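> sequence first, then the predicted structure:
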Amino acid sequence: MRKRPDNCMNSDVLVRELVPSLAEDHLTFFDTIYETDPWLNFRDNPWWSGCYCGFFDDARPEKDLMALGAQELKRLRTERIVSGRASGFLAYVDGEVVGWCNAGRRADYVSFQHLAEAVEDPGEPVGSILCFVVASRYRRMGVATALLESACASFKRSGLLFAEGYPRTKSANQDNPNNIPEAHLNYYGPLQMYVNAGFRIYRQFDKFASVRKEL
């Protein structure tokens, strides 16, 4: 990735909603992350590397999806994006993708395997914020916040009534057999970021909370 001054902040970030013409930007971002990130790379993390953030688009169990291999998962993800059936937001700095947020109408997602208990009424007019990935060099610089703001604005334009996130509330030293770093366990987005954006805890579960914001 190209160098960028360390004072990059939210105001430097351009967020674009995922459309078929941005498929290559999305895939190139993940390919780069899988080669360079301290944790998400193929060498150190066989559990997440190769996902391309398509987990919520397929009803098969996670172990079956991962068994398909990175190239097949990439192909499936490409098909979904190009056909216009994928939702989310890309964050750019100086024309380079530095972050991603998987967010869209909750009813459009196929799988909520790890979050199923949070879905009481599948027909609710809710926009779900499911995953954040930010290039390591750009973390703690407002990229995820910019993505969250754009997702909420898009939900409101679409006529949805609530934005909903699912931040982890159990610390990394609990129920973490693979010793995944705390920052990477926060891929749903940290609770404090949601609170700062006006969300409130709607329901509390064992490992995570459902947080909501009225739009």
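Good, I have the coordinates.
> quick check, residue 50 in contact with residue 66.
Yes - using Cβ atoms under 8 Å, residue 50 makes contact with residue 66 at a distance of 7.4 Å. In short, each C-beta sits where N, CA and C put it, glycine included.
> these two - which one has more neighbours?
More neighbours surround residue 50 than the other of residue 50 and residue 66, with 21 against 18 (other Cβ atoms under 10 Å).
> which residues touch the more buried one?
34, 42, 66, 69, 70, 73, 74 (Cβ atoms under 8 Å, 6 or more residues apart in numbering).
> any buried residues in the worst-scoring helix or strand of the chain on mean pLDDT, and which?
Counting by mean pLDDT, DSSP states H and E, the chain has its least confident helix or strand at helix 182-185, which shows a mean of 72. By neighbour count with 16 or more other Cβ atoms under 10 Å, helix 182-185 contains the buried residues residue 185.
> quick one: that helix to chain centroid distance?
Relative to the chain's own centre, helix 182-185 is displaced by 13 Å; criterion: Cα atoms, centre = their mean, to the nearest Å.
> surely residue 64 forms part of a strand?
No - under DSSP: H, G, I helix; E, B strand; the rest coil, residue 64 sits outside any strand and is assigned helix.
> pLDDT at residue 61, what is it?
For residue 61, the pLDDT comes out at 86.
> looking at the contacts of residue 50, which has the smallest pLDDT value?
Comparing the contacts of residue 50 by pLDDT, residue 42 comes last, at 66.
> quick one, helices of the chain?
Assigned by DSSP state H, the chain shows helices spanning 23-36, 62-67, 70-82, 143-157, 182-185, 191-196.
> mean pLDDT lowest where, among these?
helix 182-185 (a mean of 72).
> beta-bridge partners for the residue nearest to the spatial centre of the chain, please?
Centroid-nearest residue in the chain, with Cα atoms, centre = their mean: residue 131, separated by 1.9 Å. Beta-bridge partners for residue 131, by DSSP bridges, are residue 102.
> ok, it touching residue 102?
Yes - counting by Cβ under 8 Å, residue 131 touches residue 102, with 4.1 Å between them.
> that'll do, ta.
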